[in-house]
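> generate a structure from the sequence data that follows.
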Amino acid sequence: MSRSAIHVPTPLVSASERGSGTTVLVAGSVGTGKTTLLADWARELERRGDLVGWASLDREDNDPQVMAATLLGAVRAAAPGTVAGLDDQTAPDRVGTAFVTRLLELAGAAAENMWLVLDDLHLVRDPRCVELVEMVVRWAPTHLHVVIGTRAEPDLHLARLRLQERLVEVRERDLRFTLDDTRELLSRHDLALEDHQVRYLQELTEGWAAGVALAAVSLARGRDADVFLREFARSNRAMSGYLVEEVLASLDESTREFLLSTSVLEDLTADLGAAVTGRDDAGALLESLSADNAMVTVDRVGTPTYRYHVLLRSYLSAMLEARSARGARDVHARAAQWYAAHEVPGQALRHAEAAGDLDLMSDVIHQHALHLLLDGRASDVEAAVRAVRADDPVMTAVAALASLDLSDPSAARDQLASLVTQPGTWCSEPLRDQPATAADPSMLPLERLLAVGLRWLAFVGDTPAGRRQGPVPGAEPSFAETLAAGLADGLAAGLAAELSSTFTAWSEESAPAGSASPPVGGDLPSAAVTVQNLPEQGLSAGRVPHAQTDLTLLDELTSGDVLLGAGRLDEARAAYRSALRTAQGSGHPLPALQAMVGLASVAAGREDLVEMTAWSERVLVDAQGTPWVAAPRLLPAHVLAAWGAFNVLDHATARERNRAALELLTAVASTQGAALTDVEASNASDGMSTAARGLEQLGRLARMLEANLDLVEAADQPGARQDVVARVMAGARTVARVAMTPHMAVAELSRAHRIVLQAGFPRLALEVEQLCSGLPGAETEVASMSGLRHLYAGDDAAARTAVSRILGADPSTSTLRSSLTAHLVVAAAAQRNGQPAVAHEELVLALTRAAPQRALRLVLEVAPEVADILAAGAGRFGELEPFVLELRAHARPVGSLRAGPVLDVALSARELSLLRELPSLLTVAEIAEARAVSRNTVKTQLRSLFQKLGVGSRRDAVAAARRLGLL
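Sure, this is the predicted structure:
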């Protein structure tokens, strides 16, 4: 909530009806702007005619006589000389009920509302003084209201006030600055920071008002914003002074020492605090600090976890390091030991690295590296491995897995190859000479690490599984072939056969026939058992309880990826299902999300639109509130969920999901230095890794859906339709240069064909058919495209002839799109020619296949006659009737999207842009100058434009464009 949304208080109706005053509590830590807020309120209250009495409390008020005098002075200040007897009233020798009664009588006699503001109540600890305030609050009459400012929870009966509906509360979360609040405060100092700088300041201060204000004062002196923000928490003198004076100076020496020692911890529990400091009273001390709101907060969900404000922690950790670098390392070392003992490997690794404890880092990696990889901490693992011994083969294998997770297959290739090329390494010895187990039982099994790494590299490297069907003359050997040539005896053969072993293992345990909906509540259908790729030679998992499970999970996920990449969808489905079960059983949320993404991708490959959408949506729902909600590895879920929504005509959801996908693609492209939206970048895609190819193909899918959605919105705008078609054709003409499977290429061209036909460009549709005809296995899809184009042109006989080869073939050889199109083309042609029985029969055949997948769009977008056949057969569709009713609800809107021909050919983006310049008075020379091209270039573009429009002059071009709706 913005600070501007905290309005000046007004008496509560519920309190007035009880004959009582309202109590307002403003509670927040030091520097949150409580006093400033109360002062703003006081001015506003006086401006509207209310009476305000202000009392700034301090430690001297821990005496009943002093407290009574303070309260009396505040009331006197609110209404000097207007309340009878007030000037003569003095505090009695004994402060108690009689005094409070008299005080309230006098205050209540005022004609206006009186607000008694008590700031810094946390400084009043004497129970007698607190009781005095409690009596004033409890007995306050209708026109007397009490406003309390405090850092700590006051010892008042707040629960009773809440029950009586007499309490208004403004808490720490309400006092935090929002981005808008931060911008407003900066603007008061005439500071205009960039948006990213404002956001960084907001994150750095966590909305702490004092931090923002002090930063604004410093920046107003002309300091460089980026440099200042980097150094703000650790070196800003104004901030340091404020923290010392307002936070630390009020604490005793032992408490300050405790804060200093624990400042290296982002979050701490009582046990962790005790382990780091050696203090048995750590829990009580933390509780006391959080109760005072002294920039220490507590999360009481589960074990109470305490957290210092980021600025306080940064300041203290800088003090600790400046005082003794060795002391700081000792604190980190104790924290690392505690985290390691409590199975928190990420924090253990981070603190061990800060402590410079290489032995502990090595131990954590050996025991927990796979756990960290599965939890998305590959960068931590990679950094740690670089710091420890380089001659450890397990470390090298772990480094390779981390490189693969970080999309660096080149580094992984070198790391894995080093294990088999360097003399004296474990792999250079014959397998039979190796002992059955190693001396250290905590070590990871190197053979399985190598097997997983090889399989993973085969998928994400530049020689993916299934891409090479055999030796290619002149081509580089695959990594598996390199290993087979360089290794000795049985191990070489075992590693070289890893992919074949994967295919065989999962083929034997393939998924049950048919599709299954995403499980609810973790209840998974039965699937394959763990893959056993190689015998368990060498080092065992030993005492690490989760190592075997982690290896199994990596096995399953990498197997699923390889099988999916090879097009072996049934086996991939089984592998991902097993991975999902393992991930859920072992508490690995990120691998569970990855497994569901895999299942969604498999469903998309199987044309199971229902399962594809369900798995994708479940990924997006389960990812909410996790660190991986915008992770690149969940990108397929965004894209597939968007297409799923589009298929059922939910355009709003499709647009939302697709927009998120495109934003994520842009973010990934910026980090990788690649322009995924540039279709011309596809020329060199043969040298791309599988990860890069996958991103490119997801980008093409998202942009194709964007074009579909834009066409829906631009159905009655010829110029916008031209723009859409220009984008789609630019992509279609690059399909042959993109490294994708023929199946994916045909699917993309099929979507492009449907768009250009609907937009009114039959000649371009023919070009798409010609592009598609050269692809392997495209005969059925080309026949479907041809039949649809002839149907659009009104040539029913040619349309039926084109699709007859589909209807006469084995249904399993046709895609869902081509099969539905074939039946619906025949049905539409029959409807046009007065054959209602044939039309109904063909429609039923189409619906029989479409209904299980709820393929609404694929049915309705073929021809407007489909709506007529649906209406004519109402009540005669049997078990298909529910699906028919859903179709009929959308039939007319979708059928009307089809546009009549606009031009024989589409204008290019440059031609459209030039066309929009023609109504202006600019000359050819001026147009050329504005476009930074030569006059001849503009003249050439004009000739092409005139030819497409069928005109001979600039004036006629403008007139033709207006008739066509292009201007």
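
> wouldn't Ala68 be in contact with Gly96 here?
No: in this structure, Ala68 is not within contact of Gly96 by Cβ atoms under 8 Å, at 9.4 Å. For glycine as for every other residue, the C-beta is placed from the backbone atoms N, C-alpha and C.

> the two: which has the busier surroundings?
More neighbours surround Ala68 than the other of Ala68 and Gly96, with 22 against 14 (other Cβ atoms under 10 Å).

> what about that one, helix or strand, and which?
Assessed by DSSP states H and E, Ala68 sits inside helix 64-78.

> next: Ala829.
Ala829 belongs to helix 816-832, assigned by DSSP H and E.

> where are the low-confidence patches of the stretch 201-350 of the chain?
217, 221-223, 230-247, 292-295 (pLDDT under 70).

> all helices of it, in order?
For the stretch 201-350 of the chain, the helices defined by DSSP state H, counting those that start in this stretch cover 209-219, 225-235, 237-242, 253-261, 270-277, 282-291, 310-323, 325-341, 345-355.

> what's the helix holding Ala68 packed up against?
strand 51-56, helix 97-108, strand 114-119, helix 127-139 (3 or more Cβ pairs under 8 Å, 6 or more residues apart in numbering; DSSP states H and E).

> Leu824 is in contact with Val803, correct?
No: look at Val803 against Leu824 with Cβ under 8 Å: they stay out of range, at 9.2 Å.

> neighbour count for those two, which is higher?
Neighbours were counted for Val803 and for Leu824 using other Cβ under 10 Å; Leu824 has more, 30 against 27.

> surely the more buried one is in contact with Leu843?
Yes: assessed by Cβ under 8 Å, Leu824 is found in contact with Leu843 at 7.1 Å.

> could you dump the helices of the stretch 201-350 of the chain to TSV with mean neighbour count and distance to Arg160?
Formatted as TSV, the helices of the stretch 201-350 of the chain follow (neighbours: other Cβ atoms under 10 Å; distance: least, Cβ to Cβ, whole Å):
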stretch	mean neighbour count	distance to Arg160
helix 209-219	22	31
helix 225-235	16	42
helix 237-242	16	37
helix 253-261	17	33
helix 270-277	20	31
helix 282-291	18	20
helix 310-323	19	34
helix 325-341	18	42
helix 345-355	23	43
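
> with distance to Val130 added, can I get those in TSV?
Below are the helices of the stretch 201-350 of the chain laid out as TSV (distance: least, Cβ to Cβ, whole Å):
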stretch	distance to Val130
helix 209-219	27
helix 225-235	36
helix 237-242	28
helix 253-261	23
helix 270-277	28
helix 282-291	15
helix 310-323	28
helix 325-341	38
helix 345-355	41
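
> right, and those helices - which one's nearest Cys129?
Nearest to Cys129, of all the helices of the stretch 201-350 of the chain, is helix 282-291, at 18.4 Å by Cβ to Cβ.

> and the angle from that closest one to helix 253-261?
90 degrees (axes from the mean of the first three to the mean of the last three Cα atoms, to 10 degrees).

> helices and strands around helix 282-291, which ones?
Under the contact criterion of 3+ Cβ pairs under 8 Å, 6+ apart, helix 282-291 touches helix 253-261, helix 270-277, strand 296-299, strand 305-308.

> who are the packing partners of the helix holding Ala829?
Packing partners of helix 816-832 (3+ Cβ pairs under 8 Å, 6+ apart): helix 779-793, helix 796-807, helix 836-850, helix 856-860, helix 865-872.

> now with 6 Å?
helix 779-793, helix 796-807, helix 836-850, helix 865-872 (3 or more Cβ pairs under 6 Å, 6 or more residues apart in numbering; DSSP states H and E).

> need those in CSV with distance to Leu185, can you?
Formatted as CSV, those follow (distance: least, Cβ to Cβ, whole Å):
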stretch, distance to Leu185
helix 779-793, 61
helix 796-807, 68
helix 836-850, 59
helix 865-872, 59
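
> so which of those is the most surrounded?
helix 779-793 (a mean of 23; mean count of other Cβ atoms under 10 Å).

> so for that helix, what's the average pLDDT?
Averaged across helix 779-793, pLDDT comes to 91.

> what's the answer for stretch 407-417, then?
Here the average pLDDT along stretch 407-417 is 79.

> so how far is it off the chain centroid?
Relative to its chain's centre, stretch 407-417 lies at 28 Å (Cα atoms, centre = their mean, to the nearest Å).

> quick check on the residue with the shortest distance to the centre of the chain: phi, psi?
Centroid check for the chain by Cα atoms, centre = their mean gives Ala630 as the closest residue, at 2.0 Å. For Ala630, the backbone dihedrals (degrees, to the nearest 10) come out as phi -120, psi 30.

> once you drop chain neighbours, what's closest to it?
Take Ala630 and drop its neighbours on the chain: the residue closest to it by Cβ to Cβ, 6 or more residues apart in numbering is Leu664, 6.1 Å away.

> how about Ala793?
Leaving aside its sequence neighbours, Ala793 sits nearest to Pro762 (Cβ to Cβ, 6+ apart; 6.1 Å).

> flag every buried residue along stretch 600-615.
600-615 (16 or more other Cβ atoms under 10 Å).

> of those, which is the nearest to Leu358?
Once Cβ to Cβ is applied, the member of the buried residues of stretch 600-615 that ends up nearest Leu358 is Ser601, at 40.7 Å.

> lovely, talk soon.
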